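Participant: A structural model of the following input is requested.
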Amino acid sequence: MPQIVLVEPQIPPNTGNIARTCAATKTPLHLVGPLGFKIDDRHLKRAGLDYWPYVDLTYYDSWAEFAALRSSRSGRCLGFTTRGQHQHTQFEFAATDWLLFGCETEGLSEAVLASCDATIRIPIAEPSVRSLNLSVSATIGLFEALRQLGAV
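Facilitator: Okay, here's the model as predicted:
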């Protein structure tokens, strides 16, 4: 099962929506700090509704802490970015992939992107639209991976 990794998310409802998607699909969710909110934020909880008990959630204080754990596990780190080399529907996902998404305002840092095994983009037809909402992007990426793996 692929895993979702949110690196320094800033907007509680986005993270709550992603947590709900992870609960529904039994996808592990990793939050890498610093977060732009407290983990007990009411907006985060409201967006996740009463599904939080079903979320396989792991929190890391920093990218270094996450990277240390990640290095001991298998799978590729795939950074989702508007500048990704591979279109999400053209990329071949694996069950052990880690799907990385950056904060809403900055995306993934250059250092994080440099540590990724591949970068993925979700096409946007309108050039004036810079990016999609974080929860939308995470859901599109996850469901494409699950579709390819025959899990949905």
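
Participant: could you give me the average pLDDT of the stretch of helix or strand L142 belongs to?
Facilitator: In the assignment (DSSP states H and E), L142 maps to helix 134-148. The average pLDDT within helix 134-148 is 98.

Participant: Next: stretch 5-22.
Facilitator: 94.

Participant: Name the residues of that stretch that are buried.
Facilitator: 5-22 (16 or more other C-beta atoms under 10 Å). Glycine gets a C-beta too; all of them are placed from N, C-alpha and C.

Participant: repeat for stretch 25-45
Facilitator: Across stretch 25-45, burial judged by 16+ other C-beta under 10 Å covers T25, T27, L29, H30, L31, V32, G33, L35, G36, F37, D41, L44.

Participant: Tell me which two in these are the farthest apart.
Facilitator: Greatest spacing in the buried residues of stretch 25-45, by C-beta to C-beta: T25 and G36 (24.4 Å).

Participant: show me where the protein has helices.
Facilitator: Taking DSSP state H as the test, the helices found in the chain are 12-25, 42-48, 63-71, 110-114, 134-148.
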